[in-house]
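S.K.: test case, fold it:
(one chain, ligands or ions: 2)
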Amino acid sequence: MTDKNITENQEEKKSLNFIEQIVEEDLKSGKHKEIITRFPPEPNGYLHIGHAKSIILNFGLSETFHGKTNLRFDDTNPVKEDVEYVDSILEDVQWLGYKWHGDVHYASDYFEQLYEWAVKLIKDGYAYVDDQSIEEISASRGTPTQAGKESPFRNRSAEENIDLFERMRKGEFKDGEKVLRAKIDMSSPNMHMRDPIMYRIKHSEHHRTADKWCIYPMYDFTHGQSDYIEGITHSICTLEFENHRPLYDWFLDHIYEEGRTRPRQIEFARLNLSYTVMSKRKLAELVEKKLVSGWDDPRMPTISGLRRRGYTPEALQLFAEKVGVAKRENIIDVGLLEYSIKEHLNRTAQRVMTVLDPLKVTITNYPKDKEEFLSAINNPEDESMGEREIPFSRTLYIEKEDFREEANRKFFRLKLGGEVRLRYAYFIKCNEVVKDENGNIIELLCTYDPLSKGGKSPDGRKVKGTLHWVSAKHALNVEVKLYDRLFSDESPDGHKEKDFTEFINPDSLTVTENCKAEPFLKTAKVGNRFQFERKGYFCVDKDSSKDKIIFNRTVPLRDSWAKKNF
Ligand code: ATP
Ligand code: MG
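M.R.: Ligands and ions are numbered 1, 2, ... in the order given. This is a model prediction of the structure:
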């Protein structure tokens, strides 16, 4: 090993996060020969960037330590779940670039086993059927500082409990008439230990088990045991489950069989992003109230929304890496997400020129019927992407905002009497402004310097500005959607007195039709990503048709080269 390798390896070690350290330790000590992690979504909504973080963490661990990662749907709530969500989750995980181990798992596949364990708990005196209503049960739970009240049904005999539980399963009772509760401790300082509900009656069809069951296990009676069934070594979850850990341990203690893998739960801080709401319930509300066009609206923090917006899996991985794995709640600046996609697209995106708000320019000394093709670099960061030809002719478009009749010395773009470079083309000078009857500028009359071909100065004279442009007769009409943040407040769901929907930014979407693109874009396909020079990164939207290409702006670009002189 070279010195360089050794230092690199040491650096790698140093940067292991606390979960990786635990895993490394467990492998070293021989506690596990191989690690198994899992990603366990509830199929009650589309995945968001927070889930992406969890996916990358779990699959990343098994990649790093040569283990396995399961994908399991924790599908215990038939009312809120749907196959549409299952399908979208499968698509998103694969799009992120991960392959789960073996078949997809479902907690609903374990319903029979969970039922048997519930019966065992009843027989051992650790669970009972309660006839109280859900309201009565929550009213008697007490408060964190005050003990709860024991249920009058708490001391039923095991025989009676078994009989009632079996009849619950057979469908003899209505929804809410009875529940099965764990018999733990109504005065525990941990509210989750105060005889939590294990099963409730729901006469609803489940998207996988159909009408086989009318009692369903609670998430807390399912999640930990499902990990146990699958031999998960490290159950990674977010901090809010820290308080549930003693309960999961309690359930496992009563069913654990010697020699089997006992999952270790490790909590990390969930990802929160500024200017964003992240909970599925709130995202569902945005969809239901039609405040966005759907789960994959490009303004949504969902994986499908980000994908439609133009985000790449690599950008999300880079983002997750930069965010790191924290033990304490924090809010990440959404700017870091934008940085991550710019970083990736800068290296990979094809450059093109597109004028979003066109102003006609006539080059009066350029022959009327002439056209020529100038070569342009496809990506200055990656020579292997080569060059392309762009047409130039007498009538062009530039951005309206790139011209001012009068401007101070700091305005480096085109002004009356001033000279600029047209990227890859020529120096042009503006001699005259044409206006309509209302005084609006509708056309510029310019002359070009034929000796400045390729945008190179013929005699050492300098121009400060470089503008993008498109030849009018070759231009492609495209539609462009520009996005701003969906919320105008940094923490839209952090206000007690106001609902998060009140902070929706009314200007979060601007649709611009009749943008002028260079003909190269004719063959652009849905999902293709480009840099429109000086305007940002754009991605072809799925609503595009043969007649109209629609672009979503992924993220704007800082105007980095207009002031440069080359
Ligand atoms: P939400 O609270 O946003 O509605 P959830 O936690 O109910 O989401 P699940 O389907 O239960 O969503 O989540 C699946 C996995 O993703 C869990 O392991 C959960 O801890 C993790 N996860 C969910 N949200 C985040 C987040 N913001 N950051 C990191 N991990 C998350
Ligand atoms: Mg959850």
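S.K.: which positions in the stretch 201-350 of the chain make contact with ligand 1?
M.R.: For the stretch 201-350 of the chain, the residues in contact with ligand 1 under the definition C-beta under 6 Å from any ligand atom are 237, 238, 270, 271, 278, 279, 280, 281. C-beta coordinates here come from the backbone N, C-alpha and C atoms, glycine included.
S.K.: for those, name the two members farthest from one another.
M.R.: In terms of C-beta to C-beta, these reach their longest pairwise distance at 237 and 281, which sit 18.1 Å apart.
S.K.: who does the strand or helix carrying residue 84 touch, helix- and strand-wise?
M.R.: Using DSSP states H and E, the secondary-structure element containing residue 84 is helix 83-95. Applying 3 or more C-beta pairs under 8 Å, 6 or more residues apart in numbering; DSSP states H and E, one finds that helix 83-95 contacts helix 49-64, strand 68-73, helix 303-309.
S.K.: which residues are contacting it?
M.R.: Where contact means C-beta atoms under 8 Å, 6 or more residues apart in numbering, the residues beyond helix 83-95 that reach it are 39, 41, 43-47, 51-52, 55, 71, 73, 75, 100, 104, 207, 295, 303-304, 307, 313.
S.K.: if we use 10 Å, what do you get?
M.R.: In this structure, residues lying in contact with helix 83-95 by C-beta atoms under 10 Å, 6 or more residues apart in numbering are 39, 41-48, 51-52, 55, 59, 69, 71, 73, 75, 82, 98-100, 104, 106, 207-208, 280, 295-296, 302-304, 306-307, 312-313, 316.
S.K.: buried residues, it. List them.
M.R.: Buried residues in helix 83-95, counted by 16 or more other C-beta atoms under 10 Å: 85, 86, 88, 89, 92, 93.
S.K.: what about residue 237 and residue 281, which has more around it?
M.R.: When neighbours are counted by other C-beta atoms under 10 Å, residue 237 and residue 281 differ, and residue 237 comes out ahead with 19 against 10.
S.K.: now do the helix or strand where that one lies against helix 49-64, angle only.
M.R.: If you go by DSSP H and E, residue 237 is part of strand 234-238. Here the directions of strand 234-238 and helix 49-64 differ by 160 degrees (axes from the mean of the first three to the mean of the last three C-alpha atoms, to 10 degrees).
S.K.: for strand 234-238, packing partners?
M.R.: With contacts taken as 3 or more C-beta pairs under 10 Å, 6 or more residues apart in numbering; DSSP states H and E, strand 234-238 sits against helix 18-28, strand 36-39, helix 49-64, helix 223-229, helix 245-255, strand 264-268.
S.K.: please repeat the previous calculation with a cut-off of 6 Å.
M.R.: When contacts are defined as 3 or more C-beta pairs under 6 Å, 6 or more residues apart in numbering; DSSP states H and E, strand 234-238 packs onto strand 264-268.
S.K.: in PDB, list the C-alpha atoms belonging to the strand it packs on.
M.R.: Output of strand 264-268 as PDB, limited to C-alpha atoms (Å, rounded to 0.1, in the frame of the first residue of the first chain):
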ATOM      1  CA  ARG A 264     -30.500  -3.400  17.400                       C
ATOM      2  CA  GLN A 265     -32.500  -0.200  17.000                       C
ATOM      3  CA  ILE A 266     -30.400   2.900  16.200                       C
ATOM      4  CA  GLU A 267     -32.000   6.300  15.900                       C
ATOM      5  CA  PHE A 268     -30.900   9.300  13.900                       C
END
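S.K.: adjacent strands (with direction) for that strand?
M.R.: Each strand that strand 264-268 pairs with, and the sense of that pairing, follows from DSSP bridges: strand 234-238 (parallel).
S.K.: which single residue of the protein ends up nearest ligand 1?
M.R.: Ranking the residues of the chain by distance to ligand 1 (C-beta to the nearest ligand atom) places residue 50 first, at 2.2 Å.
S.K.: nearest spatial neighbour of that residue, skipping sequence neighbours?
M.R.: Take residue 50 and drop its neighbours on the chain: the residue closest to it by C-beta to C-beta, 6 or more residues apart in numbering is residue 271, 4.4 Å away.
S.K.: check residue 549 too.
M.R.: With sequence-adjacent residues excluded and distances taken as C-beta to C-beta, 6+ apart, residue 549 is closest to residue 478, at 4.8 Å.
S.K.: doesn't the one you found lie inside a helix?
M.R.: No. The assignment for residue 478 by DSSP: H, G, I helix; E, B strand; the rest coil gives strand, which leaves it out of any helix.
S.K.: where does residue 341 sit, in terms of helix or strand?
M.R.: Element membership for residue 341 (DSSP H and E) is helix 334-348.
S.K.: can you list the buried residues in that helix?
M.R.: Applying a neighbour-count criterion of 16+ other C-beta under 10 Å, the buried positions in helix 334-348 are 334, 337, 338, 339, 340, 341, 342, 344, 345, 346, 348.
S.K.: surely the fifth one meets residue 318?
M.R.: If I follow you right, that is residue 340. Yes. With contact defined as C-beta atoms under 6 Å, residue 340 and residue 318 form a contacting pair (4.5 Å).
S.K.: where does pLDDT dip in the protein?
M.R.: Low-confidence regions of the chain, defined here as pLDDT under 70, cover residues 1-14, 559-566.
S.K.: what does it put close to ligand 1?
M.R.: Applying C-beta under 6 Å from any ligand atom, one finds that the chain approaches ligand 1 through 40-42, 50-51, 53-54, 237-238, 270-271, 278-281.
S.K.: rerun that using 8 Å as the cut-off
M.R.: If contact is defined as C-beta under 8 Å from any ligand atom, the residues of the chain in contact with ligand 1 are 39-45, 47-51, 53-55, 57-58, 74, 236-238, 240-241, 268-272, 278-281, 283.
S.K.: now the buried members of those residues.
M.R.: Neighbour counting with 16+ other C-beta under 10 Å marks 39-45, 47-51, 53-55, 57-58, 74, 236-237, 241, 268-272, 278, 280, 283 as buried within the residues of the chain next to ligand 1.
S.K.: neighbours of residue 317, just the number please.
M.R.: Neighbours around residue 317, by other C-beta under 10 Å: 18.
S.K.: likewise for residue 205?
M.R.: A count of neighbours around residue 205, defined by other C-beta under 10 Å, yields 14.
S.K.: so residue 540 touches residue 530, yeah?
M.R.: No. The criterion here is C-beta under 6 Å, and residue 540 misses it with residue 530 at 8.2 Å.
S.K.: ok, the two, which is more surrounded?
M.R.: For residue 540 and residue 530, the more surrounded residue by other C-beta under 10 Å is residue 530, and the numbers stand at 24 against 21.
S.K.: does that one touch residue 353 like I think?
M.R.: No. With the criterion set as C-beta under 6 Å, residue 530 and residue 353 do not qualify as a contacting pair; they are 10.1 Å apart.
S.K.: strands of the stretch 401-550 of the chain, start to end?
M.R.: Using DSSP state E, counting those that start in this stretch, the strands of the stretch 401-550 of the chain run over residues 403-404, 414-415, 419-422, 427-435, 441-448, 466-467, 470-471, 476-483, 509-517, 529-532, 536-540, 549-555.
S.K.: just the stretch 151-300 of the chain next, same as before
M.R.: According to DSSP E, counting those that start in this stretch, the strands that the stretch 151-300 of the chain contains are 179-182, 197-201, 215-217, 234-238, 264-268.
S.K.: how close does the closest residue to residue 353 other than its chain neighbours get to residue 188?
M.R.: Here the nearest residue to residue 353 in space, its sequence neighbours aside, is residue 468; by C-beta to C-beta, 6+ apart that works out to 4.3 Å. Using C-beta to C-beta, to the nearest Å, one obtains 66 Å as the distance from residue 468 to residue 188.
S.K.: and these two? which has more neighbours close in?
M.R.: For residue 468 against residue 188, the residue with the higher neighbour count under other C-beta under 10 Å is residue 468, and the figures read 24 against 16.
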